Structure formats: C-alpha cells, structure tokens
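Enquirer: Below is the structure, and that's it, no one-letter string:
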C-alpha cells in the first residue's frame, strides 16, 4: 500500500515567483580525469541556461529558477561531463521554501508552493544515486499537518512507481537508471512534498561511469 502524498489546496493569497520562494540547486562535480578542469568547464558551457540564474564559486555552482529549468540545467551539465567517459561524481542539493537562502513574507499558518514535477529528456547515461529527502516544517501548513516521515515514505513509494531501481541502504535510498530519470525521481519527491511543506530540501550523491560498477 502506497503512502499517500497530501493533496494541495489551491490558494491565491500566496503566489511568489520561484526565485522569491528560494527554489534552486547547488551542485558540485568531481571528475576523475587528468582533464577534469576542461571537462567541468565544457560541461557548464554546454548546458542551456535559459530561465535560470547561475553562479559558479570555488566549491559549487548555484542555480535558481523554476524547478523545470533548474533540473534541466543540472541534468545537462552532469550528462555532458559523463559523456566524456570519465568517472563523474556529482553532489546535488535542491531547496525550495523559506526560510532558506531567501526571506519572504509567509502568510499566517504557513504556506507551500504548488509546482509541476519536472520532466527531462533521456540523458543516455546510466547513473546510481544515494538520495535523502528532508521536509523541514513539522509544524505543517494550512494544507496539511506536519509529519516528515509520512512525506519521506510517500516520496519513496512514488520513486518505486517511476521505473528506476530503488533500494534501501543506511541513511539513504539508492536509485539506479538513466541520469534524467533518476533526477526526475529525486525532483518528484522534492516537488510533491513541497506542495504541502513550506521548506523542503533534498540531497543526492550521483555516480556515473564508476569502475566499481563494472
């Protein structure tokens, strides 16, 4: 029996833009190759930045915008690096909601932002990811009472319906499949939980072309 994801209640009182609500990603690429600098720079340059603001720092790259655009950009960067054949590891952190990197005016009783689950073109590269989801509002909102384990179990149940391989491990859920499908699954848990939880983050460590997987 699947754990139900609470149904969002439509509201016109709170309608921020994705940037105003703190929707974004931070990711770090690690490339096991002597040419790692060029591979990373080329991958960043090949991705389509339409609809997102991108800032690359000394540790990671920050991307803000609507969920669809953010996930498209992250997927394209990782895929471009992996298509070189190098072993690539990517640490991906997604966040949506206040408080966080932004501060926004929240209505009394809390609020959540209803968004569609991102869909991505197949990347053509296989991926294994260790994934964890963090609903950060146990007080709940007007749409649903707070229950972080309900939301985590619902996201895992949803993952099992997507076609990716799903396994449980210590502190994480392991997802295996095409890179785009894995990222879609991660984003689905994040977005669907975010329809009833004000602040949601999710973290995944992705491995592509790993010699240990052969």
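Expert: Ah, there it is. This one's a predicted model, so the numbers in the text were calculated from it and none came from an experiment.

Enquirer: going forward, measure contacts between C-alpha atoms and count neighbours the same way
Expert: Will do.

Enquirer: Residue 191 - nearest residue in space that isn't next to it in sequence?
Expert: Nearest non-adjacent residue to residue 191, counting by CA to CA, 6 or more residues apart in numbering: residue 117, 6.1 Å away.

Enquirer: Need phi/psi at the one you found.
Expert: phi -70, psi 130 (degrees, to the nearest 10).

Enquirer: got it, and the one 5 residues further on?
Expert: The phi and psi values for residue 122, taken as degrees, to the nearest 10, are phi -50, psi 140.

Enquirer: Run a quick neighbour tally on it.
Expert: For residue 122, the tally of surrounding residues (other CA atoms under 10 Å) stands at 12.

Enquirer: residues contacting residue 85?
Expert: Contacts for residue 85 (CA atoms under 8 Å, 6 or more residues apart in numbering) come out as residue 209.

Enquirer: Can you give me the separation between residue 175 and residue 199?
Expert: 23 Å (CA to CA, to the nearest Å).

Enquirer: Can you list the buried residues in stretch 50-66?
Expert: Within stretch 50-66, the residues scored as buried using 16 or more other CA atoms under 10 Å are 52, 54, 61-66.

Enquirer: dump the residue contacts of the residue nearest to residue 191.
Expert: 67-68, 184, 187-188, 191-192.

Enquirer: 7 Å instead, please
Expert: 187-188, 191 (CA atoms under 7 Å, 6 or more residues apart in numbering).

Enquirer: Looking at neighbours, which among those residues is most surrounded?
Expert: Result: residue 191 is most packed of those (other CA under 10 Å), 26 neighbours.

Enquirer: Surely that residue forms part of a helix?
Expert: Yes - Residue 191 sits within a helix when classified using DSSP: H, G, I helix; E, B strand; the rest coil.

Enquirer: Turn the buried residues of stretch 50-66 into a markdown table, including distance to residue 79.
Expert: Formatted as a markdown table, the buried residues of stretch 50-66 follow (distance: CA to CA, whole Å):
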| residue | distance to residue 79 |
| --- | --- |
| 52 | 18 |
| 54 | 17 |
| 61 | 15 |
| 62 | 17 |
| 63 | 16 |
| 64 | 19 |
| 65 | 20 |
| 66 | 20 |
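
Enquirer: which of those residues lies closest to residue 78?
Expert: residue 61 (12.0 Å; CA to CA).

Enquirer: was I right about that closest one contacting residue 44?
Expert: No - the pair residue 61 / residue 44 is not scored as a contact, 9.4 Å apart, by CA atoms under 7 Å.

Enquirer: roughly how far apart are the residue nearest to residue 191 and residue 208?
Expert: Distance from residue 117 to residue 208, counting by CA to CA: 24 Å.
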